[in-house]
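**Q** sequence and predicted structure are below.
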Amino acid sequence: MSTPVKKVPIHLQSSQNRLLIKNGTVVNEEDVTEEDIYIEDGIIKQMGNNLIIPGGTRVIDARGKYILPGGIDPHTHLDFEFMGTRTVDNFYSGTKAAIAGGTTMIIDFVFPKKGESLLDAYYEYRQKADGKACCDYAFHVCLSHWSEQVKRDMEILTKEHGVNSFKMFMAYDFMLNDSELYSAFEQCQNLGAIAQVHAENGSIIAKNAQRLLARGITGPEGHEMSRPEEVEAEAVNRACVIAKQVNCPLYVVHVMSKSATEALYSHSGSTKVFGETLAAALGTDGSHYRHECFQHSAGHVLSPPLRPDPSTPLALMNYLAQDVLQLIGSDNCTFNKAQKEMGKNNFTKIPNGVNGLEDRMSVVWEKGVQTGIISPSRFVAITSTNAAKIFNLYPRKGCIAVGSDADIVIWNAGATRTISAQTHHQAVDFNIFEGMTCHGVAEYVIVSGRVCLDDGQLRVVEGYGHFVDTPVFAPFVYNPDEMDSLKPIKINDVNDFDLMEKTHKIKLVDNPCPTPTLPESNVTTPSFRGHRPEGQRNIQESTFSLTEELDTDRKSCIRVRNPPGGRSSGFW
Ligand SMILES: NC(=O)NCCC(=O)O
Ligand SMILES: [Zn+2]
Ligand SMILES: [Zn+2]
């Protein structure tokens with residue numbers, strides 16, 4: 001198989017535009033500031049007030065809007081052959097839709113067929129994506145079997161092809177057993193890579209499915225019944241135990257339940273663990289599996305499934321607020337209604353996967369910021385910065401700072417939109433968030449300096465996105481002490497909640513839904529510095545304190561205006 005070819009015409013490879021974004025509120029993970037941003041050649045060149053910029057520069061007035069780092073979706077499946085069919089969204093339609101919703105980078109999964117060489121699969125995926133993707137992308141690589149050749153391929157992928165993460169399955173017929181997981185995690189640790197797991201006990205699921213089918217339960221409700229929470233939690237626990245033996249950082253993808261989160265968190269004191277949940281898990285729930293219409297219920301089938309416990313979505317949001325979970329992905333893996341029909345008489349044959357790439361940002365804003373559970377800064381952390389840090393893209397991606405890629409969203413928190421398959425930009429004919437009205441709308445989306453969503457008008461370019469290397473030994477994962485040296489220089493920090501109140505009128509209220517109290521002994525990693533006071537793990541406690549903090553900070557907040565000319569230097 002030949003090496004990947006760049007099909008992008010040279011004139012599209014760099015931005016021809018100079019751009020000034022004025023009067024907006026810049027939200028980063030650690031601070032919120034009011035400053036202008038000057039962009040040239042796809043890079044943020046200056047930030048500050050009263051910037052001196054060249055004539056002929058396009059100016060976008062972002063008054064009253066938030067300026068956010070573009071979303072990074074750490075979990076997508078585009079142009080993916082799975083369960084006997086292929087996703088309808090490919091790297092063009094998927095990334096186009098991503099941009100429409102405020103996401104400017106995706107990390108997709110190279111998925112070798114059982115027995116296929118990882119390198120061949122990687123080249124295949126590069127050919128699927130290169131010249132098609134409208135925004136930047138990187139790859140995780142799945143291990144669909146284990147062998148000495150796989151081990152060697154992992155080394156080549158990390159050293160020569162910019163891959164730093166490998167996903168292992170604990171379910172499906174290509175799952176690895178515990179001994180294989182042990183060896184794979186050991187190799188990840190040797191290479192400075194990140195081990196990812198799909199955590200469900202595949203053997204129990206297979207037995208449960210057989211029994212349900214024998215009892216005549218063939219519909220989509222059987223999908224959820226065969227994969228209850230404890231089957232997810234058991235696998236999360238086992239993966240953490242195995243990772244601990246070889247001191248391997250572990251990233252659990254699509255954490256879907258309270259029990260699985262608690263299992264993950266119980267290991268956070270002794271093992272480097274990261275938890276990703278999904279927009280689907282926050283924005284909808286498992287009650288849909290009992291819907292009378294097959295197309296509706298099958299449209300919600302993914303694994304692990306959505307949970308019927310109605311308190312799950314809010315609990316997961318609270319876990320994100322508390323840094324018990326760190327990221328939000330979409331796990332976008334879209335099949336049309338006709339494809340879902342493959343499992344009409346047998347739920348085990350329904351192609352697994354849902355949408356979310358386009359709507360992830362709005363759903364998280366609606367469920368998190370609009371409700372007052374998280375601040376805009378925490379929104380940025382879970383939708384962008386944490387992915388950039390974990391996969392070693394930071395500070396090139398995941399923040400708005402001088403020297404960073406100009407991947408930027410101008411976000412109108414006051415506007416609303418109602419999600420529908422009739423109006424979305426994805427190729428799929430169903431939307432699990434159908435009818436949901438969300439506050440928070442991307443008005444401008446700038447991808448590597450190019451305005452790809454322009455006052456609501458989508459102007460993407462096929463093939464404009466580039467493959468981005470993810471180097472191994474991410475400091476955030478392997479050496480958190482180094483992170484301070486990567487921090488962008490800050491001059492004009494203003495209190496996050498003060499500005500939030502001023503610009504967005506969010507009411508910080510007590511959360512009416514109790515969140516399970518987490519074990520006292522395991523305080524989460526101190527590396528994440530959000531606005532939650534240290535050591536608080538219960539959202540009711542934490543929300544109350546944030547209100548207090550707001551009063552204290554308001555008294556002591558001193559605003560410093562930037563000097564004319566703005567910042568003089570960046571961070572490298
Ligand atoms: N999650 C899902 O149901 N489909 C995509 C494949 C995977 O991520 O396991
Ligand atoms: Zn998975
Ligand atoms: Zn997935």
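**A** Nice, I can see it. Numbering: from 1, shown residues only. Ligands and ions are numbered 1, 2, ... in the order given.
**Q** the spatially closest residue to K22 that is not a sequence neighbour bridge partners, please.
**A** Residue nearest to K22 in three dimensions, not counting chain neighbours: D36, with 4.9 Å by Cβ to Cβ, 6 or more residues apart in numbering. Bear in mind the C-beta positions are built from the backbone N, C-alpha and C, glycine included. Using DSSP bridges, the bridge partners assigned to D36 are G48.
**Q** count the neighbours of D36 for me.
**A** 22 (other Cβ atoms under 10 Å).
**Q** ok, G398 touching T385?
**A** Yes - at 4.1 Å, G398 counts as touching T385 under the criterion of Cβ atoms under 8 Å.
**Q** quick check: neighbours shared by the two?
**A** Counting by Cβ atoms under 8 Å, 6 or more residues apart in numbering, the residues touching both G398 and T385 are E29, P69.
**Q** quick check: bridge partners of the closest residue to ligand 1 within the stretch 101-250 of the chain?
**A** The stretch 101-250 of the chain approaches ligand 1 most closely through H198 (4.8 Å), counting by Cβ to the nearest ligand atom. For H198, the beta-bridge partners under DSSP bridges are F169.
**Q** which residues in the stretch 151-300 of the chain form strands?
**A** 165-169, 194-198, 250-252, 273-278 (DSSP state E, counting those that start in this stretch).
**Q** just put those in a markdown table and tack on mean neighbour count, distance to L316 and mean pLDDT.
**A** Converted to a markdown table, these look like this (neighbours: other Cβ atoms under 10 Å; distance: least, Cβ to Cβ, whole Å; pLDDT from 0 to 100):
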| stretch | mean neighbour count | distance to L316 | mean pLDDT |
| --- | --- | --- | --- |
| strand 165-169 | 25 | 21 | 98 |
| strand 194-198 | 26 | 17 | 98 |
| strand 250-252 | 26 | 13 | 99 |
| strand 273-278 | 26 | 5 | 98 |
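**Q** now tabulate those strands in JSON lines and tack on distance to T104.
**A** Shown next, in JSON lines, are these (distance: least, Cβ to Cβ, whole Å):
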{"stretch": "strand 165-169", "distance to T104": "19"}
{"stretch": "strand 194-198", "distance to T104": "21"}
{"stretch": "strand 250-252", "distance to T104": "21"}
{"stretch": "strand 273-278", "distance to T104": "18"}
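**Q** ok, I410 - contacts?
**A** Counted by Cβ under 8 Å, 6+ apart, I410 has contacts I21, G24, I60, A62, K65, Y66, I67, A442, E443, Y444, V445, I446.
**Q** for Y394, see how far away S485 is.
**A** Counting by Cβ to Cβ, to the nearest Å, the gap between S485 and Y394 amounts to 12 Å.
**Q** now swap in E232 and tell me
**A** To Y394, E232 is 29 Å away according to Cβ to Cβ.
**Q** give me the residue from the stretch 401-550 of the chain nearest ligand 1.
**A** When scored by Cβ to the nearest ligand atom, the stretch 401-550 of the chain has I432 as its residue closest to ligand 1, at 11.9 Å.
**Q** show me what contacts that residue?
**A** Shown in contact with I432 (Cβ under 8 Å, 6+ apart): A280, G283, T284, H288, G299, H300, V354, N355, G356.
**Q** flag every residue of the stretch 101-250 of the chain that's near ligand 1.
**A** H198 (Cβ under 6 Å from any ligand atom).
**Q** can you pull out the helices in the stretch 101-250 of the chain?
**A** 118-129, 148-160, 178-191, 202-214, 221-225, 229-245 (DSSP state H, counting those that start in this stretch).
**Q** can you lay out the ones you listed as TSV showing mean neighbour count and mean pLDDT?
**A** TSV is the format used below for the helices of the stretch 101-250 of the chain (neighbours: other Cβ atoms under 10 Å; pLDDT from 0 to 100):
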stretch	mean neighbour count	mean pLDDT
helix 118-129	20	98
helix 148-160	17	98
helix 178-191	19	98
helix 202-214	16	98
helix 221-225	22	98
helix 229-245	21	98
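**Q** S485 and Y394: which is more packed in?
**A** Using other Cβ under 10 Å, the more surrounded residue of S485 and Y394 is Y394, with 27 against 9.
**Q** sec struct for the spatially closest residue to that one that is not a sequence neighbour, please.
**A** Using Cβ to Cβ, 6+ apart and skipping the chain neighbours, the partner closest in space to Y394 is A388 (3.9 Å). Classification of A388 by DSSP: H, G, I helix; E, B strand; the rest coil places it in helix.
**Q** mind checking how far A388 is from ligand 1?
**A** Relative to ligand 1, A388 is positioned 21 Å away (Cβ to the nearest ligand atom, to the nearest Å).
**Q** grab the CA positions of stretch 432-443 and hand them over as PDB.
**A** What follows is stretch 432-443, C-alpha atoms only, in PDB (Å, rounded to 0.1, in the frame of the first residue of the first chain):
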ATOM      1  CA  ILE A 432     -31.300  11.300  18.200                       C
ATOM      2  CA  PHE A 433     -31.700  15.000  19.400                       C
ATOM      3  CA  GLU A 434     -34.700  15.600  17.100                       C
ATOM      4  CA  GLY A 435     -36.800  18.600  18.400                       C
ATOM      5  CA  MET A 436     -34.400  19.600  21.100                       C
ATOM      6  CA  THR A 437     -34.000  23.400  21.300                       C
ATOM      7  CA  CYS A 438     -30.500  24.500  22.400                       C
ATOM      8  CA  HIS A 439     -29.200  27.800  23.500                       C
ATOM      9  CA  GLY A 440     -25.700  28.400  22.000                       C
ATOM     10  CA  VAL A 441     -25.300  28.700  18.300                       C
ATOM     11  CA  ALA A 442     -22.000  28.800  16.300                       C
ATOM     12  CA  GLU A 443     -22.300  32.000  14.100                       C
END
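**Q** may I see the buried residues of it?
**A** For stretch 432-443, a neighbour-count test (16 or more other Cβ atoms under 10 Å) marks I432, F433, M436, C438, H439, G440, V441, A442, E443 as buried.
**Q** distance between that stretch and the chain's centre?
**A** Put simply, stretch 432-443 sits 17 Å off its chain's centre (Cα atoms, centre = their mean, to the nearest Å).
**Q** enumerate every residue touching the nearest residue to S303 once chain neighbours are set aside.
**A** Of all residues not flanking S303 in the chain, N352 sits nearest, at 4.8 Å (Cβ to Cβ, 6+ apart). By Cβ under 8 Å, 6+ apart, the contact set of N352 is F82, M83, V301, L302, S303, C333.
**Q** please report which of these has the highest neighbour count.
**A** C333 (25 neighbours).
**Q** my read: it touches A280, true?
**A** No - applying Cβ under 8 Å as the test, C333 and A280 come out as separate, 10.4 Å apart.
**Q** now the common contact residues for the two.
**A** With Cβ under 8 Å, 6+ apart as the test, C333 and A280 both reach L302, V354.
**Q** any regions of this structure where pLDDT drops low?
**A** Residue ranges of the chain with pLDDT under 70: 1-16, 489-572.
**Q** and it, which of its residues are near ligand 1?
**A** H77, H198, H254, L302, S303, D331, C333, N352, G353.
**Q** and the residues you listed, which of them are in strands?
**A** With DSSP state E as the criterion, strands contain H198 from among the residues of the chain next to ligand 1.
**Q** any idea which of the residues of the chain next to ligand 1 is closest to I204?
**A** S303 (13.1 Å; Cβ to Cβ).
**Q** does the closest one touch V231 like I think?
**A** No - if you go by Cβ under 8 Å, S303 and V231 don't touch, sitting 10.4 Å apart.
**Q** ok, which of the helices of the stretch 101-250 of the chain comes nearest S268?
**A** Ranked by Cβ to Cβ, the member of the helices of the stretch 101-250 of the chain that lies closest to S268 is helix 229-245, at 8.8 Å.
**Q** what angle sits between that closest one and strand 273-278?
**A** Using axes from the mean of the first three to the mean of the last three Cα atoms, to 10 degrees, the direction of helix 229-245 lies 150 degrees away from that of strand 273-278.
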